[in-house]
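[1] Quick one, structure for this:
(one chain, ligands or ions: 1)
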Amino acid sequence: MDLINGQQPKKERLEPCPGTLYIVGTPIGNLGDLSPRATSILKTVSLIACEDTRRSGQLLKIIESKVPLLSYHKHNFKSRQSQLLEILGNDGSVALISDAGLPGINDPGEELVRVARFKNYDVICIPGPCAATTALVISGLPSERFCFEGFLPKKQSIRRKRLDDISHETRTTIIYESPHQLINLLEELSISCGKERPMQIARELTKRYEQMIGKTIGEVLQYFITNKPKGEFTIVLGGTKNKQENKISESEALNKLNRLIKLGEKSNTAARKISEETGYERKWLYSKLHKKLDK
Ligand code: SAM
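    Numbers count the residues shown, from 1 in each chain. Prediction:
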């Protein structure tokens with residue numbers, strides 16, 4: 001047991017402790033990544049809350065856990081919470097797991113932890129794999145300071161703003177994306193950050209066909225245009241070197257373009273000039289030409 005401030009803690013805790021919520025990391029592909037401590041907790045708590053009982057049932061079968069499972073996901077978490085808190089209140093212990101990785105990182109967990117803490121129950125994390133940090137540390141991109149975006153919002157107005165923020169971010173940014181949306185997102189990032197921005201995509205981390213694809217947005221996009229995205233992907237995007245890069249917003253760039261055309265410049269020449277000036281892609285500017293942004 002570690003010393004805390006030079007003193008031995010009063011008593012060593014035997015796990016699982018009564019009235020404790022355990023947030024347990026599970027493998028993101030390779031079953032060998034389930035830690036001995038996680039295995040022990042998953043065999044001894046009173047109940048395991050999980051996203052998908054069938055999927056987690058397979059993991060529990062492998063480790064020969066007989067602990068009952070209760071589904072806990074984004075559609076039922078509100079109604080399940082009181083049930084889980086009641087177990088903690090009766091001196092039971094609960095483990096929360098997700099389909100893969102660390103609960104609370106783009107998976108259910110945050111809300112349950114919040115209410116458990118609010119009710120003064122102990123919350124303990126049994127750390128395990130997380131796709132975001134796993135991808136980051138093998139990307140070769142700066143990891144001293146980084147930020148995590150998870151999945152980008154779907155609503156167009158919020159998404160455009162988020163893409164704009166990401167393009168100005170100086171730290172490495174980590175993004176999750178599904179295979180069928182990957183090319184669309186890469187095209188958006190190529191427009192907002194420019195094709196030359198460093199990028200590495202981690203595919204199928206910890207699995208048999210694990211792969212790293214890089215080195216720039218342009219190269220990654222080209223790769224996936226030729227090789228249909230299959231599997232799971234985590235994007236690691238280099239930060240901007242220059243805070244001034246793409247310093248004007250998309251609508252400002254389009255306004256400049258429209259003004260130049262009104263002054264008599266040919267469309268394709270205007271798109272090229274504004275592309276050189278702003279860093280936005282000529283083709284993208286050209287495709288937006290008929291949008292009237294000037295008020
Ligand atoms: N809680 C999980 C964690 O800690 O990594 C993340 C869950 S989130 C719902 C699922 C996303 O994580 C996937 O769409 C993908 O972007 C990323 N991901 C999960 N497993 C991965 C893997 N083996 N390789 C690459 N990315 C992965």
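
[2] Grab the nearest non-local neighbour of the residue nearest the centre of the chain.
    The chain has Gly150 as the residue nearest its centroid, 2.7 Å off, counting by CA atoms, centre = their mean. Excluding its sequence neighbours, the residue lying closest to Gly150 (CB to CB, 6 or more residues apart in numbering) is Asn106, at 4.5 Å. No exception for glycine: its C-beta is placed from N, CA and C like everyone else's.

[3] Next, give phi and psi for the residue in the stretch 1-150 of the chain positioned nearest to the ligand.
    Evaluated by CB to the nearest ligand atom, the stretch 1-150 of the chain has Gly101 as its residue closest to the ligand, separated by 2.5 Å. Per-residue torsions, Gly101: phi 90, psi -150 (degrees, to the nearest 10).

[4] With Phe224 instead?
    Backbone geometry at Phe224, expressed as degrees, to the nearest 10, gives phi -80, psi -20.

[5] Quick one: neighbours of it, just the number.
    As a burial measure, Phe224 scores 17 neighbours (other CB atoms under 10 Å).

[6] Over to the one 10 residues further on?
    Residue crowding around Thr234 was assessed by other CB under 10 Å; the count is 23.

[7] contacting residues for it?
    For Thr234, the contact set (CB atoms under 8 Å, 6 or more residues apart in numbering) comprises Ala131, Ala132, Thr134, Ala135, Ile174, Ile175, Tyr176, Ile201, Ala202, Leu205.

[8] Name the nearest residue to it, ignoring sequence neighbours.
    Ala135 (3.9 Å).

[9] Show residues contacting the helix or strand that neighbour falls within.
    In this structure, Ala135 sits in helix 131-139 according to DSSP states H and E. Helix 131-139 has contacts (CB under 8 Å, 6+ apart) with 28, 101, 105, 143, 146, 148, 172, 174, 176, 200, 202, 205-206, 212, 214, 232, 234-236.
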